[in-house]
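Enquirer: Kindly generate the corresponding structure for this input.
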Amino acid sequence: MDDGRYSVVHRLGHGDGLDMVTESQIRDLLAELDGDDPEHPDVWITDEETGWGLVAAGSPSVTLVLQNEDDESPRRTMTGVSRDRAVDLYLKLVAERLDELLAEPWDR
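Expert: Residues are numbered from 1 along each chain as shown. The predicted model follows:
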């Protein structure tokens with residue numbers, strides 16, 4: 001994977017290192033969840049500077065997992081998320097609006 005601020009991991013496991021992530025790229029990433037592939041159920045984006053990452057699985061209803069690989073923060077989950085809502089949450093991650101993202105109504 002190329003170096004970049006954000007690690008983007010696609011459904012089939014290959015990744016990209018990007019300095020910025022656009023809404024269009026997020027929508028394309030989430031579109032990879034369409035179809036039935038239990039062996040490759042998820043996609044994710046990680047902010048390499050903060051360690052926070054957001055994993056998405058499922059279609060059309062999405063399950064999200066917010067986690068930080070670098071510290072002891074608990075994993076947060078949100079189920080039954082629409083695709084548009086998932087895009088909004090990813091945009092908060094890549095816009096460095098972590099306080100807003102953490103304040104969302106996570107199922108825990």
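Enquirer: Go through the chain and flag its longest helix.
Expert: For the chain, the longest helix by residue count, based on DSSP state H, is helix 83-94.
Enquirer: what helices or strands is the helix or strand following that helix leaning on?
Expert: Toward the C-terminus, helix 83-94 is succeeded by helix 98-102 as the next helix or strand (DSSP states H and E). Under the contact criterion of 3 or more C-beta pairs under 8 Å, 6 or more residues apart in numbering; DSSP states H and E, helix 98-102 touches strand 52-57, helix 83-94. Heads up, the C-betas are built off the backbone N, CA and C, glycines and all.
Enquirer: State the mean pLDDT of the longest helix of the chain.
Expert: For helix 83-94, the mean pLDDT works out to 98.
Enquirer: repeat for stretch 7-22
Expert: pLDDT averaged over stretch 7-22 gives 94.
Enquirer: can you give me the strands in this protein?
Expert: In the chain, the strands defined using DSSP state E lie at 6-9, 15-18, 42-47, 52-57, 62-68, 76-81.
Enquirer: JSON lines please, covering those strands and showing mean neighbour count and distance to Asp28.
Expert: Converted to JSON lines, the strands of the chain look like this (neighbours: other C-beta atoms under 10 Å; distance: least, C-beta to C-beta, whole Å):
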{"stretch": "strand 6-9", "mean neighbour count": "19", "distance to Asp28": "10"}
{"stretch": "strand 15-18", "mean neighbour count": "16", "distance to Asp28": "11"}
{"stretch": "strand 42-47", "mean neighbour count": "21", "distance to Asp28": "10"}
{"stretch": "strand 52-57", "mean neighbour count": "21", "distance to Asp28": "12"}
{"stretch": "strand 62-68", "mean neighbour count": "20", "distance to Asp28": "15"}
{"stretch": "strand 76-81", "mean neighbour count": "16", "distance to Asp28": "17"}
